[in-house]
Structure formats: C-alpha cells, structure tokens
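Chemist: Any chance you could fold what I've pasted below:
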Amino acid sequence: MRNIFKLTAAAVISAAMSTAAFAADWTPPGPIKLMIAFAAGGGADTQARLIAEELESRMGWEFIPEQVTGKGGVNLLNAMKDEPNDGSVIGMVVAESMGYNLYVADIGLTPADFTPITTTAGAQMGIVALSSKGWKDFHDVIAAAKSGEEIRFGTMSQRLGDLAYLLGKAQGVEFNIIAVRGGKAVMNGVNADDMDVGFMAGIQNKGVASGELVNLASAMSNPLKQTPDAPLLADLGVGFDGDAFFMFAGPGGMPEDARNALAEAIGAVVSDESTQAGGLIKKAFGGPLVVQGEELSALINKGFEESEILLNEVSQ
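Modeler: Predicted coordinates:
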C-alpha cells in the first residue's frame, strides 16, 4: 500500500479519551462470537482474548472465542459473511486480510461485504537478519547479492513475497524467496541459517535488543521504533509498504449503534496500558493504533483497490 496507513497520534489519543458513550447505550443481543484468524497461543490470539476478557469485565458482555485460521484471514471472512450482523459476531484479522488477501482470493467478496470496526495495534514489520552476518542495513544485503551471494529471503504472506520480489527488482538483484507460515517460522529459519533475511512483525524485538538480530530495513511506511535509522522500502525503490494492522470487523450492514459501541469499547481497552490487553499491545506491538469509522472504511477500500496495482507491478 502506498503509505495509506500512515496514522497520527491523534487517533490514539482520541480513543484513549473515549467516554464509551455509544457502548453505554448498546447491549449485544446475546453472547458475542469472537472469531480469531490467528493460531491459538500466539501474540495476536492472546491480544484478541485479553481484549475480550477486559470487555467482559468492563461491559458485562460475554464472548465465545473461536479459531478460524487459514488463507491469511480469508477463511474467517468467508465464514463470517453470512453470520448475523447485529454485533453478536465479530472477527479479528489484519487489514491485509480485507485488502490484498481478499482481492487475490477472488471468491466474489469485497470489503463492502463486511463492517470494519476498529484497528487495535500495528506490527513493527522489519526485514531482519542474524547480526553474525555482519550486515548493518539492507544496502549491505544488496552489495552481497551483487557480488554473487545467494540471498534467501523469508516471507510469511503472498503480499510480502511480492514486496520482496519488487525490492530485488528495484535494486537489480534476484532473491531466493522462501514462503513459510507465520513470523515465527521466518525467525526460526533465520536463526537456523536456512534463510539469510526475512520479514518479521515484532517477534524480532527481543533478538534485536539482545544483539542477536538486526533490523536491516523498516517494511513499514514509518521508521521502526527500535531501529529508526534503518531505511524504508521507499528508500530502497519500492512504492509499497508492509504496514500491518490488527483489526476487528463484522458482517456487512452492521447497525451504526452496534459498530460504534464495539469500536469505542475496544478502542478504550487497547489504549489503556493498565489493562492486560493494553500492556501487551505496548510491549509486543509498540502501542495502540486506533482507526475507526469512515476513516477505517476508506483505508480498507483503498487497500483492496490498490492490490491490482501491486499485482500489475509484480507481473511486469
């Protein structure tokens, strides 16, 4: 996406100051089925469950978590599309699920078939290598590739694979792109020296802090918090970024009172660092990023539409 997810601190502050007025005026018609597009026990799954637990405590709402994984969140979206749209069914995915992943799945669904509710946090997406490689930033990787070294590049989604391809193309080199499932698999591959570099979405933070790993580039539209001097993809000739945001959505046509109540209640939880959910988001994801309402709908729609542009550039 061409920097469409650049968010401001005002969005976070707004959520933190929310009075949850909408939430006070709306009550779910029964237990809320919480569909989660991430494997059980991981950081994203834990985030979703902690948010639900805090909402149960604050609001008295009951949640029933359910794992619906596969195809980058598209399996969840496909399963959710025909569920009741009264606020009793919501799902946690990433923005890419409703954009690029839904576009390439080509199953006859668009963002209009869903109700974006709120984002919760971003992922510190970097291109990472072992420090023992001796590379300081991604320019060193390019130099190694141009000297004839094969660079094995780990990716965890089709879209990130496309970005790795465009990165090589922009720099006049060709990477051996290795697709795996999840950031943990990329990190394991890098640590085992089965991959030379790879995309990691925050899971690298401890390794970078200890000096075992190094962020060679930010795959986001903004600098990495941990390594702010690392180049952006834009600095390396790529007009797209790997911004990744966790978000909640529901079936299409959700009434505004339900959407607003859910959005404000979730936004207040993730912006409160004293909660387990807010604490986890600060520690693991760099803090809350909250976008809601028409702004979020516009971002999702643009991400879906720009997927065609990205695919066209890859095919050229």
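
Chemist: Give me the distance from the helix or strand harbouring residue 64 to the chain's centre.
Modeler: Under the criterion of DSSP states H and E, residue 64 resides in strand 63-67. Here strand 63-67 shows a centroid-to-chain-centroid distance of 20 Å under the convention Cα atoms, centre = their mean, to the nearest Å.

Chemist: List the contacts of it.
Modeler: 31-36, 38-40, 45, 48-49, 52-53, 55-56 (Cβ atoms under 8 Å, 6 or more residues apart in numbering). To be clear about C-beta, it is placed using only N, CA and C from the backbone, and glycine gets the same treatment.

Chemist: Mind checking which of those residues are in helices?
Modeler: Among the contacts of strand 63-67, the ones falling in helices (DSSP state H) are 45, 48, 49, 52, 53, 55, 56.

Chemist: Can you tell me which of those lies closest to residue 281?
Modeler: residue 48 (11.2 Å; Cβ to Cβ).

Chemist: Next one, pLDDT for that closest one please.
Modeler: Note on residue 48: pLDDT of 97.

Chemist: host element of the nearest residue to it once chain neighbours are set aside?
Modeler: Distances taken as Cβ to Cβ, 6 or more residues apart in numbering put residue 92 closest to residue 48, at 4.4 Å, once the chain neighbours are dropped. Taking DSSP H and E as the definition, residue 92 sits inside strand 89-94.

Chemist: Check which helices and strands that strand sits against.
Modeler: strand 32-36, helix 43-59, helix 74-80, strand 245-251 (3 or more Cβ pairs under 8 Å, 6 or more residues apart in numbering; DSSP states H and E).

Chemist: how about it: buried residues?
Modeler: 89, 90, 91, 92, 93, 94 (16 or more other Cβ atoms under 10 Å).

Chemist: so which one among these has the lowest pLDDT?
Modeler: For those, the least confident entry is residue 94, with 94.

Chemist: Can you give me the distance of the closest residue to residue 68 other than its chain neighbours to residue 218?
Modeler: Distances taken as Cβ to Cβ, 6+ apart place residue 76 nearest to residue 68, at 4.2 Å, with adjacent residues excluded. Noted for residue 76: a distance of 28 Å to residue 218, by Cβ to Cβ, to the nearest Å.

Chemist: of the two, who's got more company?
Modeler: residue 218 (28 against 24; other Cβ atoms under 10 Å).

Chemist: right, and the more buried one touches residue 229 too?
Modeler: No: checked against Cβ atoms under 8 Å, the pair residue 218 and residue 229 is beyond contact range at 9.6 Å.

Chemist: And for residue 84, the neighbour number?
Modeler: When neighbours are counted by other Cβ under 10 Å, residue 84 registers 13.

Chemist: Run through the residues that contact it.
Modeler: With Cβ under 8 Å, 6+ apart, residue 84 has these contacts: residue 251.

Chemist: what about it, is that helix, strand or coil?
Modeler: Following DSSP: H, G, I helix; E, B strand; the rest coil, the label given to residue 84 is coil.

Chemist: Ramachandran angles for it?
Modeler: When read as degrees, to the nearest 10, the backbone of residue 84 gives phi -60, psi 140.

Chemist: Pull the distance from the longest strand along the chain to the chain's centre.
Modeler: Assignment by DSSP state E gives strand 114-122 as the longest strand of the chain. With Cα atoms, centre = their mean as the basis, strand 114-122 stands 10 Å off its chain's centre.

Chemist: Quick one: mean pLDDT over that strand.
Modeler: Throughout strand 114-122, pLDDT has a mean value of 97.

Chemist: And the pLDDT at residue 4?
Modeler: Looking at residue 4, its pLDDT is 44.

Chemist: Please apply the same query to the one 4 residues further on.
Modeler: The pLDDT attached to residue 8 in the predicted structure is 43.

Chemist: Same check on residue 43?
Modeler: Residue 43 is given a pLDDT of 86.

Chemist: any idea how far residue 122 is from the residue nearest to it when sequence neighbours are not counted?
Modeler: Computed as Cβ to Cβ, 6+ apart, the closest residue to residue 43 that is not its neighbour in sequence is residue 284, at 5.2 Å. As defined by Cβ to Cβ, residue 284 lies at a distance of 11 Å from residue 122.

Chemist: Of those two, give the one with the bigger neighbour count.
Modeler: A side-by-side neighbour count of residue 284 and residue 122, using other Cβ under 10 Å, places residue 122 first with 24 against 19.

Chemist: Show the contacting residues for that one.
Modeler: Residue 122 sits in contact with 5, 7, 220, 243, 244, 245, 246, 285, 286, 289, where contact means Cβ under 8 Å, 6+ apart.

Chemist: Kindly recompute the last result at 10 Å.
Modeler: By Cβ atoms under 10 Å, 6 or more residues apart in numbering, residue 122 lies in contact with 5, 7, 94-95, 201-202, 220, 222, 243-246, 281, 285-289.

Chemist: in the sheet, who's paired with it?
Modeler: Taking DSSP bridges as the rule, residue 122 bridges to residue 245.
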